[in-house]
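A.B. asks: sequence and predicted model, in that order:
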Amino acid sequence: MYAVIKTGGKQYRVQEGDILRVEKLDAEAGKKVTFDDVLMVGEGESIKAGADAAKAKVTAVVTENGRGQKVVIFKKRRRKNYRLTQGHRQSFTSVRIEKIKE
């Protein structure tokens, strides 16, 4: 069985046992997290979407909190002696899907 959940402004297709990185959540490693915003749930021919899927819940366990690789932003205007370098590291939470409950 799989489900499509929405968290952090993105949608993810998940199954039990999957490990995925989502936008930073307010939970420490080892804590349980419940995703209530389920868009679709089902398997094969029996698929529920919309109001039927809104009743479903997906529970997960936080495995780690961290920060991704640095993204370098470099701006330059030629012949103007203008150079600007910035960096950004996005925070993430890694979760393992435990159970999909219809």
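C.D. replies: Here it is on my side, so go on.
A.B. asks: chain center to stretch 73-86: distance?
C.D. replies: Centre-to-centre, stretch 73-86 and its host chain are 33 Å apart (C-alpha atoms, centre = their mean, to the nearest Å).
A.B. asks: end-to-end on that stretch?
C.D. replies: Taking C-alpha to C-alpha, to the nearest Å, stretch 73-86 runs 5 Å from one end to the other.
A.B. asks: pLDDT (mean, whole number) over it?
C.D. replies: When pLDDT is averaged along stretch 73-86, the result is 98.
A.B. asks: ok, now stretch 11-23?
C.D. replies: Summarised as a single mean, pLDDT over stretch 11-23 is 96.
A.B. asks: list of residues touching that stretch?
C.D. replies: 1-10, 39, 58, 63, 68, 91-100 (C-beta atoms under 8 Å, 6 or more residues apart in numbering). Bear in mind the C-beta positions are built from the backbone N, C-alpha and C, glycine included.
A.B. asks: which of these fall in strands?
C.D. replies: 2-7, 10, 39, 58, 63, 91-100 (DSSP state E).
A.B. asks: buried ones from those, can you make that a PyMOL selection?
C.D. replies: In PyMOL, a selection of the buried entries from the ones in strands among the contacts of stretch 11-23 looks like this (16 or more other C-beta atoms under 10 Å):
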select buried, resi 3+4+5+7+39+58+92+93+94+95+97+100
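A.B. asks: and the residue lying farthest from the centre of the chain, how close does it get to residue 97?
C.D. replies: Distance to the chain centre peaks in the chain at residue 79, reaching 42.6 Å (criterion: C-alpha atoms, centre = their mean). Going from residue 79 to residue 97 by C-beta to C-beta, to the nearest Å gives 53 Å.
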